[in-house]
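In: could you look at this predicted model? Sequence included:
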Amino acid sequence: MISRLRAAAAGRDGIACFARLYLAVTEGVNERLRGVHFANPAFVAHLDVVFAELFFDALADPAHAPRAWEPLLEARGRRGIAPLQFALAGMNAHINRDLPVAVVATCAELGVEPGPEYGDFARVNPILAQVEAQVKSSFLTGWVGVVDRILHRFHRLDDVVAMWDVVRAREAAWTNAQVLWALRDEPDLTADFLQTLDRTVGFANRGLLRRV
């Protein structure tokens, strides 16, 4: 997974901006998780893989990617959008849309219920929030910060940053995962719910990707 994220992060477009954030957060969290004990480590490890694959699937086949990913995939080469906006739009699509799907798929594949796994899911939140905040700030320091000061209005970027909170997004994703789990024997209702979720996340991403 790390090697595939590095490959995606090597580009120069909006997807690469997200991939760099994803890679940095993943490496930072993995480093801080050493010594942390989970009740079901197999669930945590499998969820990580399933979750990442949803991003790689969207990247590999943009024409059939979920609608939540469409704004970022369409705008990835557009000028006038700050790197941080691209990065947060990717996080928004990946967590708010992909994470509920990944939780349900992981539970189904491992034969477990979502409820008992919440403790392990939530245990990652404080570490993830800390790392993600540090990585976000790196988008506005050094030469990137100088360029942004020239090209973008900073109060707009502050607004974009304020719109995003990784812990709240993960909590919402867990709630949506529970809904999807409850609907797992109702394919029509599941499809309707996912369609609505896709549209909602996609709409939010269009706001995140407004030119500053």
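Out: On my side now, so go ahead.
In: quick one: least confident helix or strand in the protein?
Out: Every helix and strand in the chain was compared by mean pLDDT, DSSP states H and E; the lowest is helix 142-151, with a mean of 44.
In: and the helices in this structure, which stretches?
Out: Ranges of helices within the chain are 2-9, 14-32, 41-60, 70-75, 83-91, 99-110, 114-123, 125-138, 142-151, 154-162, 166-182, 187-208, based on DSSP state H.
In: the third one to helix 2-9, inter-axis angle?
Out: Looking back up the chat, that one is helix 41-60. 30 degrees (axes from the mean of the first three to the mean of the last three CA atoms, to 10 degrees).
In: same check on the longest one?
Out: Angle, helix 187-208 to helix 2-9, by the same axes, to 10 degrees: 50 degrees.
In: now helix 187-208 - C-alpha only, PDB.
Out: Output of helix 187-208 as PDB, limited to C-alpha atoms (Å, rounded to 0.1, in the frame of the first residue of the first chain):
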ATOM      1  CA  PRO A 187     -29.900  -4.100  -1.700                       C
ATOM      2  CA  ASP A 188     -32.300  -1.400  -3.000                       C
ATOM      3  CA  LEU A 189     -32.200   0.600   0.200                       C
ATOM      4  CA  THR A 190     -28.400   0.200   0.400                       C
ATOM      5  CA  ALA A 191     -28.000   1.500  -3.200                       C
ATOM      6  CA  ASP A 192     -30.300   4.500  -2.400                       C
ATOM      7  CA  PHE A 193     -28.400   5.300   0.800                       C
ATOM      8  CA  LEU A 194     -25.000   5.100  -1.000                       C
ATOM      9  CA  GLN A 195     -26.300   7.200  -3.800                       C
ATOM     10  CA  THR A 196     -27.400   9.900  -1.400                       C
ATOM     11  CA  LEU A 197     -24.200   9.700   0.500                       C
ATOM     12  CA  ASP A 198     -22.200  10.000  -2.700                       C
ATOM     13  CA  ARG A 199     -24.100  13.100  -3.800                       C
ATOM     14  CA  THR A 200     -23.800  14.800  -0.400                       C
ATOM     15  CA  VAL A 201     -20.000  14.200  -0.200                       C
ATOM     16  CA  GLY A 202     -19.600  15.200  -3.900                       C
ATOM     17  CA  PHE A 203     -21.500  18.500  -3.300                       C
ATOM     18  CA  ALA A 204     -19.300  19.300  -0.300                       C
ATOM     19  CA  ASN A 205     -16.200  18.600  -2.400                       C
ATOM     20  CA  ARG A 206     -17.300  21.100  -5.000                       C
ATOM     21  CA  GLY A 207     -17.300  23.700  -2.200                       C
ATOM     22  CA  LEU A 208     -13.900  22.600  -1.000                       C
END
